[in-house]
Each structure stands twice: as C-alpha cells, then as structure tokens.
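> heads up, no residue letters with this:
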C-alpha cells in the first residue's frame with residue numbers, strides 16, 4: 001500500500017508540475033525509471049485535460065498568466081512566433097509546466113491534436129533529461145561516501 005501512495009503522489013505532483021514530481025520520486029525512494037514514467041504520465045494527463053476538456057481551466061490559466069505578465073507571455077510569444085506548435089509543445093513543459101503551456105498553446109490558436117503530440121514529445125524528453133540528471137547527481141554524491 002505505501003508504494004501505491006508513493007506512485008499516486010508522484011503522478012499527482014506530475015499533473016501539477018514536472019519539476020516537482022521528479023525530486024519527489026527520488027525522495028520517496030522510487031526507482032528512477034518509475035519516477036520518470038510517473039512524472040511524465042502526470043504531465044501528459046494534465047495536458048490532455050487542459051487541451052481537450054478544460055475550456056474553463058484554460059481560461060483561468062491564461063487569465064492568471066496575463067495578470068502576472070501584463071499580457072501574452074513575452075517568452076512564449078517569441079517561441080510561438082518563431083517555432084509555432086513544435087516550439088510551444090517541446091519547451092513549455094520545461095519553461096511553464098505542461099498545464100500552463102497547453103493553455104498558452106490553445107490560446108495562441110494551436111491545433112489541439114498537434115499540440116498534444118508535441119507536448120508529449122517535450123514531456124517525455126524533459127522527464128528523461130531531468131530524471132537522468134537527478135539520478136546521476138545523486139549517484140555522484142553517493143560515490144564520495
């Protein structure tokens with residue numbers, strides 16, 4: 001039962017923020033591969049909800065972002081203008097988090113299916129990179145002991 005709670009915690013945290021889910025998985029002593037998979041699955045789930053089902057969530061996230069930045073996020077606007085859907089989908093899991101990145105992409109007029117494909121690519125890539133970096137960092141700290 002405790003392992004199911006740990007899995008659910010990492011998955012749930014991944015829904016909110018990929019950056020927080022990976023350290024949580026290591027803190028809960030989950031295997032790095034499982035940590036990466038659960039974190040990515042949570043982020044993908046939040047992307048699905050925001051892109052396909054969450055018009056009110058999308059609107060709330062966009063309003064929240066506009067209050068903070070005074071309009072369209074300048075960094076995300078530049079990425080959108082230069083790289084379009086692939087840029088937003090690939091970089092937003094790292095820069096803004098998957099839910100906000102999905103809301104931004106939809107608010108910029110991205111095709112939902114294409115955005116989800118690129119969000120998935122970005123989530124899997126950044127989950128792998130961040131999980132590997134964390135595992136190698138922890139391994140390096142243990143070598144010196």
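Here it is on my side, so go on. Quick caveat: nothing in here was measured; it's all calculated off a predicted structure. Numbering: from 1, shown residues only.
> go through this structure and flag its longest helix.
Of all segments of type helix in the chain, defined using DSSP state H, the longest is helix 112-143.
> who are the neighbours in contact with residue 28?
Residue 28 makes contact with 6, 9, 10, according to CB atoms under 8 Å, 6 or more residues apart in numbering. Where you see a C-beta, it was placed from the backbone N, CA and C, and this is true even at glycine.
> in which helix or strand would I find the second one?
In this structure, residue 9 sits in helix 2-16 according to DSSP states H and E.
> pull out the buried positions in the helix or strand following that helix.
The helix or strand immediately downstream of helix 2-16 is helix 18-27, counting by DSSP H and E. Going by neighbour count (16 or more other CB atoms under 10 Å), the buried part of helix 18-27 is 18, 19, 21, 22, 23, 24, 25, 26.
> over to stretch 101-120?
Buried residues in stretch 101-120 (16+ other CB under 10 Å): 101-108, 110, 115-116, 118-120.
> you'd agree residue 89 is up against residue 124?
No: the criterion here is CB atoms under 8 Å, and residue 89 misses it with residue 124 at 11.3 Å.
> counting neighbours, what do you get for residue 84?
Using other CB atoms under 10 Å, residue 84 has 16 neighbouring residues.
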